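K.L.:
Generate a structure from the sequence data that follows.
(chains A, B, C and D)
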There are 2 protein chains.
Amino acid sequence: MTHSDLSVVDHLFLDLSSNPIKNATKNRILDCAIEQFSRKGYTGVSIRDITREVGIKESSLYKHFRNKEEILETIFHNFRLDTLRILPPLDRLDEILELLGPVKFLERGLHNFKQHAADPIMQKIWRILYIEQYREPVARDLYLNDILTKTIDCLEAAFVKLIEHQRCKPLHPRTLAVEYQYPIFTMISEYIMLKSDQQDTAHVEQMMSDHLTFFCMAVLV
Amino acid sequence: MTHSDLSVVDHLFLDLSSNPIKNATKNRILDCAIEQFSRKGYTGVSIRDITREVGIKESSLYKHFRNKEEILETIFHNFRLDTLRILPPLDRLDEILELLGPVKFLERGLHNFKQHAADPIMQKIWRILYIEQYREPVARDLYLNDILTKTIDCLEAAFVKLIEHQRCKPLHPRTLAVEYQYPIFTMISEYIMLKSDQQDTAHVEQMMSDHLTFFCMAVLV
DNA sequence: GTCTATAGTAAGATAGAC
DNA sequence: GTCTATCTTACTATAGAC
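P.N.:
The predicted structure follows:
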């Protein structure tokens, strides 16, 4: 393939400089790598495994990526950019909370996550993240800082506002954030496990709704 | 080493038939494998890596294990046996609940988990389990069935009893089980991540206590 | 940007001497 | 049960022709 055949590409990825990757082969390499890494882990997949599925020789891959590690970096870079859409912008938190009220605010968060996680590519990268966070400092940093900490910090700020406006019981805001979000983290990992095996996730989505209801009943005034 | 030198063994493991492994080298192989698998994952560690640390040649390892896979199986087998101590025997659940009352019952569960997880070997196997559950059906089954499902089922049964005895709000018992345990699953993964990096876990233990307090306040009558 | 060919290393596992 | 030696296969990566 000497020219880019975009018609066979499922997904357009961004490179490490956040520029769209126009080359079809490079996109296909990422697509195949994501699929295989998500099932067998980074070290369980060889360059040969990837190029075999893409339909090129090993040597051709090195025209697109300096080495195997750069493929993983690019995958995580794309994930990081996509997760930014889940949380509300912190500088507009006040206004959004006023507008929606606590219940719709939390519902909106779940909705945003589901929209992000509706993309099969993102589901697979979640899975890679879960596998690699114990081995790869970059994955760990992405999970701990970009996902866990940012989410809890955002919720804590929201609960501070809600308590100020007396729409929530005056408990410790960080405890409220943990009580709301920690069960959801477990549900997300269950959700990702099911999705990436093409199993039904209805009962997990129901659990998320039930939790939201339970939580609001317990802490909102 | 032609005789077993038990003095240098940290831990006595059981074989796949649940018999204690008396051979020091075989115990050391398991110990080193656990250490390395927990840091680099199963596929990230070679037989060579393990035998180098044990101080034997590759060929010698095959006198103790049929292949690499059998090492992992033995590790998970030991873990499965150890986790049995965390949950109360289901046939004595009634009597234990009566004796302790709901708060002490839940506290006992946390205590049992911490006792199990105080063993550095078990901390590392938790980590292996988190890494391998997406790749290895045995690991997945162990995590989903022996840990998640059993815990939730046990708690559900406990909440049925508590509602019967009117010591708990009459909510859906499965929802109560999820509300109690799901945040703890997230805390456990945080706990294991910190422990295996020899970092302090006091704030996670505090979160667990705070959650127990919050939960009891929200649902006990 | 694809290919063939190959370098150089490392993998899992076995044979057979002691 | 340990060793040396070896087999076979697989790995990441590069050189150079087209």
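K.L.:
Helix, strand or coil: sort out A:Leu144 for me.
P.N.:
Secondary structure assignment for A:Leu144 (DSSP: H, G, I helix; E, B strand; the rest coil): helix.
K.L.:
Can you get me a residue count around it?
P.N.:
14 (other CB atoms under 10 Å in any protein chain shown). C-beta coordinates here come from the backbone N, C-alpha and C atoms, glycine included.
K.L.:
residue contacts, the residue nearest to it when sequence neighbours are not counted?
P.N.:
Nearest non-adjacent residue to A:Leu144, counting by CB to CB, 6 or more residues apart in numbering or on different chains: A:Gln133, 7.8 Å away. Contacts of A:Gln133 were listed using CB atoms under 8 Å, 6 or more residues apart in numbering or on different chains, and they are A:139-140, A:142-144, B:193.
K.L.:
Verify the stated contact: A:Arg37 with A:Ile128.
P.N.:
Careful, residue A:37 is Phe; it's not Arg. Yes. Using CB atoms under 8 Å, A:Phe37 is in contact with A:Ile128, at 4.8 Å.
K.L.:
Contacts only, for A:Tyr42.
P.N.:
A:Tyr42 makes contacts with A:68, A:72, A:128, A:131-132, A:135-136, as judged by CB under 8 Å, 6+ apart.
K.L.:
Quick one: those residues as JSON lines, columns for neighbour count and pLDDT too.
P.N.:
Shown next, in JSON lines, are these (neighbours: other CB atoms under 10 Å in any protein chain shown; pLDDT from 0 to 100):
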{"residue": "A:Lys68", "neighbour count": "16", "pLDDT": "98"}
{"residue": "A:Leu72", "neighbour count": "20", "pLDDT": "98"}
{"residue": "A:Ile128", "neighbour count": "25", "pLDDT": "98"}
{"residue": "A:Ile131", "neighbour count": "26", "pLDDT": "97"}
{"residue": "A:Glu132", "neighbour count": "24", "pLDDT": "97"}
{"residue": "A:Arg135", "neighbour count": "18", "pLDDT": "91"}
{"residue": "A:Glu136", "neighbour count": "21", "pLDDT": "92"}
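K.L.:
Near DNA strand D, list only the ones from the residues you listed.
P.N.:
With CB under 7 Å from any atom of the strand as the criterion, those include A:Lys68 near DNA strand D.
K.L.:
okay, among the contacts of A:Tyr42, which ones form the most distant pair?
P.N.:
Pairwise distances across the contacts of A:Tyr42 peak at 15.4 Å for A:Lys68 and A:Ile131 (criterion: CB to CB).
K.L.:
and A:Arg28, what element?
P.N.:
Per DSSP states H and E: A:Arg28 is located in helix A:24-40.
K.L.:
Show me what that helix packs onto, helices and strands only.
P.N.:
helix A:47-54, helix A:68-83, helix A:120-132 (3 or more CB pairs under 8 Å, 6 or more residues apart in numbering or on different chains; DSSP states H and E).
K.L.:
is DNA strand C contacted by that helix?
P.N.:
Yes. Contact of helix A:24-40 with DNA strand C (CB under 7 Å from any atom of the strand) involves A:25-26.
K.L.:
Just the buried residues of that helix, please?
P.N.:
Residues of helix A:24-40 classed as buried: A:24-40 (neighbour count, 16 or more other CB atoms under 10 Å in any protein chain shown).
K.L.:
which bits of chain A sit near DNA strand C?
P.N.:
A:1-2, A:23, A:25-26, A:55-60, A:63-64.
K.L.:
wouldn't A:Cys204 be in contact with A:Met193 here?
P.N.:
No, residue A:204 isn't Cys; it's Val. No. Checked against CB under 8 Å, the pair A:Val204 and A:Met193 is beyond contact range at 9.3 Å.
K.L.:
Can you tell me the SS state at the residue lying closest to A:Leu155 once chain neighbours are set aside?
P.N.:
The shortest distance from A:Leu155 to any non-neighbouring residue, by CB to CB, 6+ apart, is to A:Ala177 (3.8 Å). What three-state DSSP gives for A:Ala177 is helix.
K.L.:
Nearest to B:Leu81 among the contacts of A:Tyr42?
P.N.:
Of all the contacts of A:Tyr42, B:Leu81 sits closest to A:Ile131, with 25.4 Å by CB to CB.
K.L.:
Spell out which residues sit in contact with that closest one, please.
P.N.:
Neighbouring residues of A:Ile131 by CB under 8 Å, 6+ apart: A:37-38, A:41-42, B:41, B:131, B:134-135.
K.L.:
What of A:Tyr182?
P.N.:
B:182-183, B:186-187, B:211.
K.L.:
now that we have those residues, which one has the most neighbours?
P.N.:
B:Pro183 leads these on contacts (other CB under 10 Å) with 25 neighbours.
K.L.:
Quick check: that residue is in a strand.
P.N.:
No. When three-state DSSP is applied, B:Pro183 is found to be helix, with no strand at that position.
K.L.:
what residue is smack in the middle of chain A?
P.N.:
With distances taken as CA atoms, centre = their mean, chain A has A:Thr83 as the residue nearest its mean C-alpha position (5.1 Å).
K.L.:
thinking again about what came up before, please enumerate the shared neighbours of A:Phe37 and A:Ile128.
P.N.:
A:72, A:75.
K.L.:
residues in contact with stretch A:17-35?
P.N.:
Contacts for stretch A:17-35 (CB under 8 Å, 6+ apart): A:1, A:4-6, A:8-15, A:45, A:50-51, A:53-54, A:56, A:60-61, A:64-65, A:71-72, A:74-75, A:77-78, A:81, A:121, A:124-125, A:128.
K.L.:
Just the buried subset of these, please.
P.N.:
Those of the contacts of stretch A:17-35 that meet the buried threshold are A:9, A:13, A:15, A:45, A:50-51, A:53-54, A:56, A:61, A:64-65, A:71-72, A:74-75, A:77-78, A:121, A:124-125, A:128, by 16+ other CB under 10 Å.
K.L.:
before we move on, the earlier item: nearest to B:Pro173 among the contacts of A:Ile131?
P.N.:
The nearest member of the contacts of A:Ile131 to B:Pro173, counting by CB to CB, is B:Tyr134 at 30.3 Å.
K.L.:
Span of stretch A:194-205 from start to end?
P.N.:
End-to-end distance of stretch A:194-205 (CA to CA, to the nearest Å): 11 Å.
K.L.:
in it, what counts as buried?
P.N.:
Buried residues in stretch A:194-205, counting neighbours by 16+ other CB under 10 Å, are found at A:194-196, A:201, A:204.
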